[in-house]
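Asker: the sequence isn't on hand, but the structure is:
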């Protein structure tokens with residue numbers, strides 16, 4: 001697989017089940033949607049630091065190869081079960097600007113911050129079926145008790161005062177248990 005194929009995200013998900021499609025295409029706050037279907041929702045941070053980002057994220061955020069960005073990764077839980085792995089990336093320079101509160105979120109949801117501020121704008125989703133060749137696949141699977149061959153993900157760019165943050169949500173198979 002060449003690097004262009006590796007980094008290719010799509011504007012629409014490939015043929016998928018109606019249940020999966022409903023989760024992937026929901027335009028509202030994913031946090032809020034899970035909370036509506038789950039009594040014991042919580043956010044568990046697993047990584048928050050300056051780090052190198054994936055090759056498929058560099059151009060989206062106008063970053064140079066090797067440039068560090070702030071990366072925040074969390075699991076969204078329903079009770080004791082992880083249902084989503086969320087990966088957010090913001091350029092280091094924007095931590096002093098629009099996204100200065102990002103490093104202090106702790107176990108609070110980024111979605112709450114994004115969807116309660118009317119100044120935040122969102123681009124259309126991009127979709128990808130992640131497999132073992134994608135670094136996010138491995139990080140998302142760390143919290144799972146069973147092995148999987150692929151996981152659906154979506155990402156979109158949010159901006160506040162012209163400063164972007166890329167949010168990728170990897171849907172774990174257990175999300176389909178929430179009805």
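Answerer: On my side now, so go ahead. Every value quoted in this text rests on a predicted model; they were computed, and no experiment measured them.
Asker: element containing residue 157?
Answerer: Per DSSP states H and E: residue 157 is located in strand 151-160.
Asker: just the buried residues of that strand, please?
Answerer: 151-158, 160 (16 or more other C-beta atoms under 10 Å). Bear in mind the C-beta positions are built from the backbone N, C-alpha and C, glycine included.
Asker: which one of those is nearest to residue 98?
Answerer: Distance to residue 98, by C-beta to C-beta, is smallest for residue 160 among those, at 3.9 Å.
Asker: which residues touch the closest one?
Answerer: Contacts for residue 160 (C-beta atoms under 8 Å, 6 or more residues apart in numbering) come out as 98-99, 117, 119-121.
Asker: once you drop chain neighbours, what's closest to it?
Answerer: Nearest residue to residue 160 in three dimensions, chain neighbours excluded: residue 98, at 3.9 Å (C-beta to C-beta, 6 or more residues apart in numbering).
Asker: helix, strand or coil for the one you found?
Answerer: Assigned with DSSP: H, G, I helix; E, B strand; the rest coil, residue 98 falls in the coil class.
Asker: isn't it right up against residue 158?
Answerer: No. With contact defined as C-beta atoms under 8 Å, residue 98 does not reach residue 158; the gap is 9.6 Å.
Asker: and the nearest residue to residue 153 once chain neighbours are set aside, what pLDDT?
Answerer: Spatial nearest neighbour of residue 153, chain neighbours left out: residue 170 (4.5 Å); criterion: C-beta to C-beta, 6+ apart. pLDDT, residue 170: 97.
Asker: next one: residue 6
Answerer: 42.
Asker: kindly report the same for residue 126.
Answerer: pLDDT at residue 126 comes out at 94.
Asker: next one: residue 10
Answerer: 89.
Asker: now the nearest residue to it once chain neighbours are set aside. Its backbone dihedrals?
Answerer: Nearest residue to residue 10 in three dimensions, chain neighbours excluded: residue 127, at 5.1 Å (C-beta to C-beta, 6+ apart). Note on residue 127: its backbone torsions stand at phi -130, psi 150 [degrees, to the nearest 10].
Asker: give me every residue that touches residue 127.
Answerer: Applying C-beta under 8 Å, 6+ apart, the residues near residue 127 are 9-14, 24, 152-154.
Asker: tell me which of those fall in helices.
Answerer: Applying DSSP state H to those, the entries found in helices are residue 24.
Asker: quick one: buried ones out of the contacts of residue 127?
Answerer: 13, 24, 152-154.
Asker: could you check stretch 44-58 and say which residues are buried?
Answerer: Across stretch 44-58, burial judged by 16+ other C-beta under 10 Å covers 48, 53-54, 56-58.
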